[in-house]
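S.K.: I'd like to go over a predicted model; first the sequence, then the structure.
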Amino acid sequence: MSASTVVIGAGVIGLTTAVCLAEAGWDVRVDAELPPGTTTSAAAGASWDPFLAEPADLVERWSRETLRVLSALGADEATGVRLVEGTHESRVPRGVPAWAGWVDARPCDPQDLRPGYVEGWGYRAPVIDMPQYLDYLTGRLRKAGGRLRSHRYSSIEEALPEAAVIVNCTGTGSRALIGDASVQAVRGQLVVVENPGIETFFCDDTPDAEELTYIYPQSEVVVLGGTSDWDDWDVRPDATAALDIVRRCAAIEPSLADAPVVAHRVGLRPVRPVVRLEAENRAGTLLMHNYGHGGAGVTLSWGCAREVVDRLRALVEATP
C-alpha cells in the first residue's frame, strides 16, 4: 500500500510512527523543526514506565505492545535498548501499581529495600539510551524508504497541502500548531554521570512524592533524575536542581556522589488529560493526531504507532 504521507515531529512518537508507516508500504516524509537529537525525546531518561498518561485502558494496551517490541529490540546492542533488572520502591505503604502485572513485577523482600523505603516491586524492563535509540529509528526509517526534512510549520493549515495524509506528532508543539490549550508542558531535568559500576535501575514510586528520584544505568553512564515542573517551558538546565538531583540519587547509591558529570538534559513532557490518537478531515486532508503522551512517550510509542497505521489503512480503504 502506498500513500503520500507527512509525519510532523521527529521525537520518539514521530519517528516510530513514521517507521511503522514506511515499513507498511506508505510513502513517508518526516517534517520537523528540531532534528531527533535535540527533541524532548533525546532528553528522556529513559525506561519503560507508563508515567503521566491517560486513559488507563488504552495506556495498558499501548504499553504492553511497546514492551513486547522493546524487549525484542533489547537483543540488539545497536538499538540502544537494554533489558535491566531494577526496583520501584515506596516510602509509604501503597497498593500494587497498576502496571505490575504487565511486567510480572514481584514484591521486594523488606531486607532488600533501600533505607527509608517500606515497600517495593522488582522487575526487568527496557532501559533506553535515547540518543542512540533515536539514531537507530532514523536509520530504520531511511532503510524503509522514509525521509526527513527540516521544516517548521506555523500552523497545521500550512501543512495540509503537503500530502493526502498528515500525522501530527508534535507533542507540546500541538498547543501552538493546532491550538490545543489542553496540552501542558511538564518540565523534566536530569543529570548524566559516568557509571561507577551500577547495574540495576531504581525509581522512587512513593505516591504524591514532591520530587522524582530515579537511577537508570546505561553501560558507560548513569542517568539521574529528576524534576516534574508543571507549566514550565524553560529548557535551560537549572544548576540548583541538578545539584539536588545528584544529592537525592547519591542518598540511594552513595557511589554516585563523586561521579563525574557528563551532561545535563532538559525536556518538556507533553501532558494532556488523555492521549490524543484520532483522525479528522481538515480541508480535504486526512489529519491523524498522535500526541499528548505525557512522560510515557517511549512506553506508548510502538503501541500508538501501530494503531495509527491500522486506523489510517481502514480510513483510506473506506474512501471512495
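M.R.: Looks like it came in fine. Since this is a predicted model, take the numbers as computed values, not measurements.

S.K.: quick check: which element contains the residue nearest to residue 74 when sequence neighbours are not counted?
M.R.: Distance criterion C-beta to C-beta, 6 or more residues apart in numbering; nearest residue to residue 74, sequence neighbours excluded, is residue 83 at 4.2 Å. Where you see a C-beta, it was placed from the backbone N, CA and C, and this is true even at glycine. Residue 83 is part of strand 81-90 when elements are defined by DSSP states H and E.

S.K.: repeat for residue 191
M.R.: Per DSSP H and E: strand 184-194 holds residue 191.

S.K.: paired strands for that strand, with orientation please.
M.R.: Each strand paired with strand 184-194, and its direction, by DSSP bridges: strand 221-225 (antiparallel), strand 229-230 (antiparallel), strand 261-271 (antiparallel).

S.K.: what comes up buried for that strand?
M.R.: For strand 184-194, a neighbour-count test (16 or more other C-beta atoms under 10 Å) marks 184, 185, 186, 187, 188, 189, 190, 191, 192, 193 as buried.

S.K.: now do the SS call for the closest residue to the last one other than its chain neighbours.
M.R.: Translated: residue 193. Using C-beta to C-beta, 6+ apart and skipping the chain neighbours, the partner closest in space to residue 193 is residue 259 (3.9 Å). Here residue 259 is recorded as coil under DSSP: H, G, I helix; E, B strand; the rest coil.

S.K.: go on, residue 294?
M.R.: Using three-state DSSP, the structure places residue 294 in coil.

S.K.: which one is it nearest to, not counting chain neighbours?
M.R.: Closest to residue 294 by C-beta to C-beta, 6+ apart is residue 52, at 3.3 Å.

S.K.: the one you found and residue 270 touch, don't they?
M.R.: No. At 9.4 Å, residue 52 does not count as touching residue 270 under the criterion of C-beta atoms under 8 Å.

S.K.: so for the two, which sits in the more crowded spot?
M.R.: The neighbour comparison of residue 52 against residue 270 (other C-beta atoms under 10 Å) goes to residue 270, with 30 against 17.

S.K.: which parts of the stretch 51-200 of the chain are strands?
M.R.: 81-90, 106-107, 119-128, 147-150, 165-168, 184-194 (DSSP state E, counting those that start in this stretch).

S.K.: so which of the ones you listed is the most surrounded?
M.R.: strand 165-168 (a mean of 26; mean count of other C-beta atoms under 10 Å).

S.K.: who's in contact with that one?
M.R.: The contact list for strand 165-168 (C-beta atoms under 8 Å, 6 or more residues apart in numbering) reads 3-9, 14, 17-18, 21, 26, 156, 159-160, 174, 177-178, 282, 285-291, 308, 312, 316.

S.K.: within the sheet, what are the partner strands of that strand, with directions?
M.R.: Applying DSSP bridges to the sheet, strand 165-168 is found paired with strand 4-8 (parallel), strand 285-291 (parallel).

S.K.: just after the shortest one, pick out the following helix or strand.
M.R.: Downstream of strand 4-8, the next assigned helix or strand under DSSP H and E is helix 12-23.

S.K.: just confirm residue 302 is within a helix.
M.R.: Yes. Judged by three-state DSSP, residue 302 forms part of a helix.

S.K.: please report how far it lies from residue 290.
M.R.: 12 Å (C-beta to C-beta, to the nearest Å).

S.K.: next one: residue 113
M.R.: Separation of residue 113 from residue 290 (C-beta to C-beta) stands at 38 Å.

S.K.: tell me which of the two has more neighbours.
M.R.: The neighbour count for residue 113 versus residue 290, taken as other C-beta under 10 Å, is higher for residue 290 (30 against 16).

S.K.: contacting residues for the more buried one?
M.R.: Applying C-beta under 8 Å, 6+ apart, the residues near residue 290 are 13, 17, 167, 168, 169, 276, 277, 304, 305, 308.

S.K.: pretty sure the second one sits against residue 305.
M.R.: Same thing as residue 17. Yes. Using C-beta under 8 Å, residue 17 is in contact with residue 305, at 4.3 Å.

S.K.: test my guess that residue 184 contacts residue 233.
M.R.: No. If you go by C-beta under 8 Å, residue 184 and residue 233 don't touch, sitting 9.6 Å apart.

S.K.: show me what residue 288 is bridged to.
M.R.: Bridge pairing for residue 288 - DSSP bridges - gives residue 167, residue 279.

S.K.: got a list of what it touches?
M.R.: With contacts defined as C-beta under 8 Å, 6+ apart, the neighbours of residue 288 are 165, 166, 167, 168, 277, 278, 279, 308, 311, 312.

S.K.: pLDDT and distance to residue 104 added to these, as CSV?
M.R.: Below are the contacts of residue 288 laid out as CSV (pLDDT from 0 to 100; distance: C-beta to C-beta, whole Å):
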residue, pLDDT, distance to residue 104
165, 97, 38
166, 98, 39
167, 98, 33
168, 98, 35
277, 98, 27
278, 97, 32
279, 97, 35
308, 98, 28
311, 97, 30
312, 97, 33
